[in-house]
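*Asks:* Structure of the sequence below:
(one chain, ligands or ions: 1)
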Amino acid sequence: EFKKGVTASSQPMNGSGLKILIVHTRWNLPIVEALVKGTKDKLKAFNVKEENIVTQAVPGSYELPFACSKFMEVSSYDAVIAIGVLIKGSTMHFEYICDAVSHGLMRVQLDKGIPVIFGVLTCLTEHQALHRAGIAPGDDHGHNHGEDWGAAAVEMALLKYR
Ligand SMILES: O=Nc1c(NC[C@H](O)[C@H](O)[C@H](O)CO)[nH]c(=O)[nH]c1=O
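*Replies:* Numbering: from 1, shown residues only. The predicted structure is shown next:
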């Protein structure tokens, strides 16, 4: 069966010299915390030092582009991982935030020339979010997408050394 998801780089990746920023939201915090843990575990699996993983929190996903941009001005990072969980409500609010955040984070990474990994879940239901954080109830807990974001951050941060 065709495996979706991240195809790991064929090259061994050594993140021991990298400095990574994680900016996460406080909205839907239990799900966000699971994603942040999955991200950090994977960064450490690629030898990124604990002291080189900087973590900052903001209110919600709409704040991620501005916060990532500001934190990148005061310190240098090899990659930034923006983590948030958007869950559709009963209005169009969700669509507008998702659109603004995805375009905003893309603009920040291109303007700054530093990879910004899109770690924002845009879910129609809470179960979808739980499943993508690997903490869904029942037999199928899902897969923690934070692991994919951690791997992508290391690969993109090492791009400049290819
Ligand atoms: O509305 N739902 C959500 C949300 N709204 C707040 C928004 O990101 C921002 O913080 C405020 O609009 C203030 O600017 N933020 C999320 O991360 N997830 C949601 O599901």
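
*Asks:* Quick check: nearest residue in space to the closest residue to the ligand within the chain, chain neighbours excluded?
*Replies:* The ligand sits closest to residue 60 of the chain, with a gap of 2.3 Å, by Cβ to the nearest ligand atom. Bear in mind the C-beta positions are built from the backbone N, C-alpha and C, glycine included. Spatial nearest neighbour of residue 60, chain neighbours left out: residue 27 (4.4 Å); criterion: Cβ to Cβ, 6 or more residues apart in numbering.

*Asks:* In terms of helices and strands, where is that neighbour?
*Replies:* Using DSSP states H and E, residue 27 sits within no helix or strand.

*Asks:* Surely it and residue 84 touch.
*Replies:* Yes: at 6.9 Å, residue 27 and residue 84 qualify as touching, with contact defined as Cβ atoms under 8 Å.

*Asks:* Those two: who's more crowded?
*Replies:* Ranked by neighbour count (other Cβ atoms under 10 Å), residue 27 and residue 84 place residue 84 first, with 28 against 18.

*Asks:* Wasn't that one part of a strand?
*Replies:* Yes: assigned with DSSP: H, G, I helix; E, B strand; the rest coil, residue 84 falls within a strand.

*Asks:* what residues are up against the residue of the chain closest to the ligand?
*Replies:* Contact analysis of residue 60 by Cβ atoms under 8 Å, 6 or more residues apart in numbering lists 25, 26, 27, 84, 97.

*Asks:* Next one: it, what pLDDT does it get?
*Replies:* For residue 60, the pLDDT comes out at 98.

*Asks:* In this structure, where is pLDDT below threshold?
*Replies:* 1-11 (pLDDT under 70).

*Asks:* rerun at 90
*Replies:* Scanning the chain for pLDDT under 90 picks out 1-12, 160-162.

*Asks:* mind listing the helices for it?
*Replies:* 29-45, 64-74, 93-112, 126-132, 145-157 (DSSP state H).

*Asks:* if we can go back for a sec, can you pull the residues that touch both of residue 27 and residue 84?
*Replies:* In contact with both residue 27 and residue 84: 60, 61, using Cβ under 8 Å, 6+ apart.

*Asks:* Now do the contacts for the residue positioned nearest the centre of the chain.
*Replies:* Geometric centre of the chain, nearest residue: residue 119, 2.8 Å, by Cα atoms, centre = their mean. By Cβ under 8 Å, 6+ apart, the residues touching residue 119 are 24, 35, 39, 81, 82, 83, 84, 145, 146, 149.
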